[in-house]
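Chemist: take a look and give me a structure for this.
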Amino acid sequence: AEGDERRYGANYVACPFSRRLWELGILEARTGRLAVASAVARELRRRADSSGSRYEAGLARSVDAFASLAAGDTSVAMQALRALVRNADVGDSLIWDEAEPRGAERLVLAQLLLARGEAQEAHDVASVFDSSRPLLHILYLPSSLELRMQASALLGNSAAERHYRSRLAALRGPGALPGG
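Modeler: Numbers count the residues shown, from 1 in each chain. Down below sits the predicted model:
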């Protein structure tokens, strides 16, 4: 990000790649640089308004959601994350796209739901990561399995909990999880 900031200026405003700008905005929100994240979201909205791009508008809403969460406004963040996940495009044309399938947003939403004790909904939101499309969902599979294992424990479903523990152990190798 430091190299990007030097190359593209304050708030990355000259970054020509909207997806990279989105990545930087999420990074800035997650590292507590909320003013920069908000500026990135504004730039993405400006680009979306100029081009009419649904894609760039979604990127802006995503950065806004992460910035809201980083600012401690969980209810606004959850509302935004729900809308993003609900409207995610997972078509074949986006099989390798990091942003549009909303994997990062889906995982964070599931984590927030689990933290609120909404174990069944958290489990359901995270279950999408088992899908073979889009391919990039595989990046979120271990975290998703961990979350679903925890949700199953909260729901009292020991068979499902063992199932997810076994899948995690198979992914991570022998001895990686206690009891796995």
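Chemist: how about the most centrally placed residue in the chain, secondary structure?
Modeler: Note on the chain: the residue nearest the mean C-alpha position is residue 104, at 1.2 Å, using CA atoms, centre = their mean. Recorded secondary structure, residue 104: helix (DSSP: H, G, I helix; E, B strand; the rest coil).
Chemist: against residue 117, how distant is it?
Modeler: 23 Å (CB to CB, to the nearest Å). To be clear about C-beta, it is placed using only N, CA and C from the backbone, and glycine gets the same treatment.
Chemist: which one is residue 71 nearest to, not counting chain neighbours?
Modeler: Spatial nearest neighbour of residue 71, chain neighbours left out: residue 34 (5.7 Å); criterion: CB to CB, 6 or more residues apart in numbering.
Chemist: quick one: that neighbour and residue 70, what's the gap?
Modeler: Using CB to CB, we find residue 34 at a distance of 6 Å from residue 70.
Chemist: higher neighbour count, those two?
Modeler: Set side by side, residue 34 and residue 70 show more neighbours around residue 70, with 18 against 15, by other CB atoms under 10 Å.
Chemist: which residues touch that one?
Modeler: Applying CB atoms under 8 Å, 6 or more residues apart in numbering, one finds that residue 70 lies in contact with 29-30, 32, 34, 37.
Chemist: which parts of the helix or strand bottoming out on mean pLDDT in the chain are buried?
Modeler: Least confident helix or strand, the chain: helix 2-8 with a mean of 92, by mean pLDDT, DSSP states H and E. Using 16 or more other CB atoms under 10 Å as the test for burial, helix 2-8 gives 4, 8.
Chemist: which SSE is residue 121 in?
Modeler: Mapping residue 121 onto the secondary structure by DSSP states H and E places it in helix 119-126.
Chemist: and the contacts of that helix?
Modeler: Contacts of helix 119-126 with the rest of the structure, by CB under 8 Å, 6+ apart, involve 85, 106-107, 109-111, 113-114, 144, 147-148, 150-152, 154-155.
Chemist: gap between it and the chain center?
Modeler: Taking CA atoms, centre = their mean, to the nearest Å, one finds helix 119-126 lying 14 Å from the centre of the chain it belongs to.
Chemist: got any ranges where the protein has weak pLDDT?
Modeler: Flagging of the chain using pLDDT under 70 yields the residue ranges 89-96, 174-180.
Chemist: quick one: contacts for the nearest residue to residue 112 once chain neighbours are set aside?
Modeler: Residue nearest to residue 112 in three dimensions, not counting chain neighbours: residue 78, with 5.6 Å by CB to CB, 6+ apart. Shown in contact with residue 78 (CB under 8 Å, 6+ apart): 109, 112-113.
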